[in-house]
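1. Structure here, sequence nowhere to be found:
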């Protein structure tokens, strides 16, 4: 098969064919289909991809083209893009180089003309006036040429007829003069005729040009008028929407709350955010009292769109700034000299002011995608949204390298956002050896729960964390039950250098009643790869295993899905991609608040009525948030020692009474999952009733000051 085809003429300006392109050190050169057109060199995996997917494009204007040994050549545009290419033969390479050089020359000339046009922009009126002046000048010159040309022709004719010239005609110089004179006479006659034709044509079309200019001016006025009308209609429509919403709210009985989502595709649509009243520098969203009779319109902290909810709940939008002093590793090591290794506490300087239970709750940052999964038209479409939820849980790990506080045994965290986000959750530390955290989330239309444990391996330069546990999602409307796993997290530069986090592995989402599934692959970062960092790819498969949708994106940015166009499960292609998840924009100066999201800033906000074991009540965590690192470290050691004392008491009870003294969680119970057959911690549904009655008798005392004795056991946090 020929490697090239096409044409390099000025008319087509296009060249196409197969070339070998360098990909990376593992795959080497791979065959790609290249197309040269309009000064752009683009490539595709196959010819069929030309209709929907371009793998890369380089602009030849200003590009460098270098020939190497054998059949290789390189195209670069200043370092941003470099194509290392190889032709099938030396002849093919020379054809490509010739075509590329010609295309580059055309592209450079076109850019120069565009630059000149940009520098010298004149009005159409001045152009027409100048053309008319030039036309008049040409008409005058044509008359002069016509007049003098006829006189010259007559003089030459008279000279030819003279007797004296006839006697000199035998002279070679005279003969040559007569020949040149005859040629000039023919040429001047042709020029006079061409000028006459052009002047006639220009005069004939001058009126048409004038009419075209008037039509263009009228069209510009019409378009401008339509734009003004469109803008006024948009404003009237937005005003009507707000008036309609206000009318519906006023028409409701007093005390009746409203829960709803008003989505809009209009980018310029106005919305009511929390309105500041007076000077508000407390870090809280403070609604205007005049807006708080029954319903307050507020933009939610993490989700797009406008929500309505009852009451005027204040929620902070920032936490106290992180202290500027950095932990000195050598000072910490110096203070540990002479101490037993198991007794060395990890200082809070390496933590963030959140418990791991609160960090686990952050998986609900994009919980609206679960609601979208409930409303999906098919199981396969629902799998796209659930896959986006699974991916979005890693969105903040790219820049949040601080460690959350390890939960104490029996520690809990509730997050009731029913009023504004539509869900409420409870997390509990149900085991400490091994550490296991359980989470249960309840929504009007769905239920989500998971338990999380992990193992880790330190490999010198980096630390790998392997999660253990399964996430469950149940659609209350259809009864569909979905499960998925988590991927491996790798923390690099543990000893020296700046910490950075990468994700790798596959997330498999299954719907167990139908057998449909999806798979998302997290591609690990490679120094030698030219692919996008933090890239994810995958697909959604119907119950019979046929691919239905293609998934692509980055786990710290966005994710899209498209309809499958190829049936190869190892190389899925798609078209008509639709973006279903985008990472929320970071808050201002995120490095000062540990790169917390808006939702994360609210998780440790003090709240009345929560259980005594809630993470918000943890004193060392609260001291750290308030920038009191010294007292926070002392309190952390105290809480750890108190936890060891409680463990020793349980062990002593076994020895004395001979009865089992294993810790029993207060709000979760271990069961065997009917779907997966694995052991899982399920919510007992008792917490919210206890909160309603404010009966916390069953809660252990884990934060109150307790006497403790030095212990030989391992550090449990």
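-> Sure thing, it's come through. All of these numbers come straight from a predicted model, not from anything done at the bench.
2. can you pull out the strands in the stretch 401-550 of the chain?
-> Ranges of strands within the stretch 401-550 of the chain are 403-405, 412-417, 423-432, 435-443, 446-458, 462-468, 471-475, 481-484, 488-492, 500-511, 517-522, 535-541, 547-554, based on DSSP state E, counting those that start in this stretch.
3. Export those as a markdown table, with columns for mean neighbour count and mean pLDDT.
-> The C-beta positions use only the backbone N, C-alpha and C, and glycine is treated the same way. Compiled in a markdown table, those are given as follows (neighbours: other CB atoms under 10 Å; pLDDT from 0 to 100):
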| stretch | mean neighbour count | mean pLDDT |
| --- | --- | --- |
| strand 403-405 | 20 | 92 |
| strand 412-417 | 24 | 95 |
| strand 423-432 | 23 | 95 |
| strand 435-443 | 22 | 96 |
| strand 446-458 | 17 | 92 |
| strand 462-468 | 15 | 90 |
| strand 471-475 | 21 | 96 |
| strand 481-484 | 22 | 96 |
| strand 488-492 | 18 | 92 |
| strand 500-511 | 19 | 94 |
| strand 517-522 | 22 | 95 |
| strand 535-541 | 22 | 93 |
| strand 547-554 | 22 | 93 |
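4. low-scoring pLDDT stretches of the stretch 51-200 of the chain, where are they?
-> Within the stretch 51-200 of the chain, the segments meeting pLDDT under 70 span 78-80, 113-139, 142-149, 153, 156-171, 185, 199.
5. Show me where it has its strands.
-> Listed in chain order, the strands of the stretch 51-200 of the chain (DSSP E, counting those that start in this stretch) span 56-59, 64-67, 72-76, 82-86.
6. Can I get the ones you listed in TSV including mean neighbour count and distance to residue 184?
-> Output for the strands of the stretch 51-200 of the chain, formatted as TSV (neighbours: other CB atoms under 10 Å; distance: least, CB to CB, whole Å):
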stretch	mean neighbour count	distance to residue 184
strand 56-59	14	50
strand 64-67	12	48
strand 72-76	17	52
strand 82-86	18	56
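7. could the strands of the stretch 401-550 of the chain go into a markdown table alongside distance to residue 653?
-> Shown next, in a markdown table, are these (distance: least, CB to CB, whole Å):
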| stretch | distance to residue 653 |
| --- | --- |
| strand 403-405 | 28 |
| strand 412-417 | 23 |
| strand 423-432 | 17 |
| strand 435-443 | 22 |
| strand 446-458 | 26 |
| strand 462-468 | 29 |
| strand 471-475 | 35 |
| strand 481-484 | 38 |
| strand 488-492 | 38 |
| strand 500-511 | 42 |
| strand 517-522 | 46 |
| strand 535-541 | 50 |
| strand 547-554 | 52 |
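8. For residue 393, which of those strands is the nearest?
-> Proximity to residue 393, assessed across the strands of the stretch 401-550 of the chain by CB to CB, is greatest for strand 471-475 (8.8 Å).
9. what helix or strand does residue 656 sit in?
-> helix 629-657 (DSSP states H and E).
10. Tell me which other helices or strands the very next helix or strand once past that helix touches.
-> Proceeding N to C from helix 629-657, the next assigned helix or strand is strand 668-672, under DSSP H and E. Contact here means 3 or more CB pairs under 8 Å, 6 or more residues apart in numbering; DSSP states H and E; on that basis strand 668-672 packs against strand 423-432, strand 679-683.
11. List the buried residues in strand 668-672.
-> Across strand 668-672, burial judged by 16 or more other CB atoms under 10 Å covers residue 668.
12. If I look at the closest residue to residue 49 other than its chain neighbours, what pLDDT would I see?
-> Spatial nearest neighbour of residue 49, excluding adjacent residues (CB to CB, 6 or more residues apart in numbering): residue 573 at 6.9 Å. In this model, residue 573 is scored at 84, pLDDT.
13. Same question for the one 5 residues further on.
-> Taken from the predicted model, the pLDDT recorded for residue 578 is 92.
14. Bridging across strands, which residues link to it?
-> Note on residue 578: beta-bridge partners by DSSP bridges are residue 561.
15. List the residues that contact the residue nearest to residue 49.
-> Taking CB atoms under 8 Å, 6 or more residues apart in numbering, we find residue 573 in contact with 49, 52-53, 550, 564-566.
16. and which of these is nearest residue 599?
-> Lowest distance from residue 599 to the contacts of residue 573 (CB to CB) belongs to residue 550, with 29.6 Å.
17. ok, back up a step: of the strands of the stretch 51-200 of the chain, which is nearest residue 398?
-> strand 56-59 (24.5 Å).
18. Would you mind pulling the contact partners of that closest one?
-> 39-43, 75-77, 81, 83, 107.
19. And the helices in this protein?
-> Using DSSP state H, the helices of the chain run over residues 90-119, 124-161, 163-168, 172-250, 329-335, 356-361, 368-374, 379-392, 598-603, 619-625, 629-657, 687-693.
20. residues near residue 662, how many?
-> By other CB atoms under 10 Å, 7 other residues sit near residue 662.
21. scratch that, residue 615 is what I was asking about
-> The burial count for residue 615: 29, using other CB under 10 Å.
22. Give the closest residue to it in space, chain neighbours not counted.
-> Nearest non-adjacent residue to residue 615, counting by CB to CB, 6+ apart: residue 355, 3.9 Å away.
23. in stretch 645-656, what counts as buried?
-> Quick answer for stretch 645-656 (16+ other CB under 10 Å): 645-647.
24. In TSV: the residues you listed, plus distance to residue 538 and pLDDT.
-> Converted to TSV, the buried residues of stretch 645-656 look like this (distance: CB to CB, whole Å; pLDDT from 0 to 100):
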residue	distance to residue 538	pLDDT
645	48	89
646	45	89
647	43	87
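25. Closest one to residue 537 out of those, please.
-> Out of these, the member with the shortest distance to residue 537 (by CB to CB) is residue 647, at 45.8 Å.
26. so what pLDDT did the nearest residue to residue 374 once chain neighbours are set aside get?
-> Closest residue in space to residue 374, ignoring its immediate chain neighbours: residue 445 at 4.8 Å, by CB to CB, 6+ apart. Note for residue 445: predicted pLDDT of 95.
27. swap in residue 544?
-> We have a pLDDT of 91 for residue 544.
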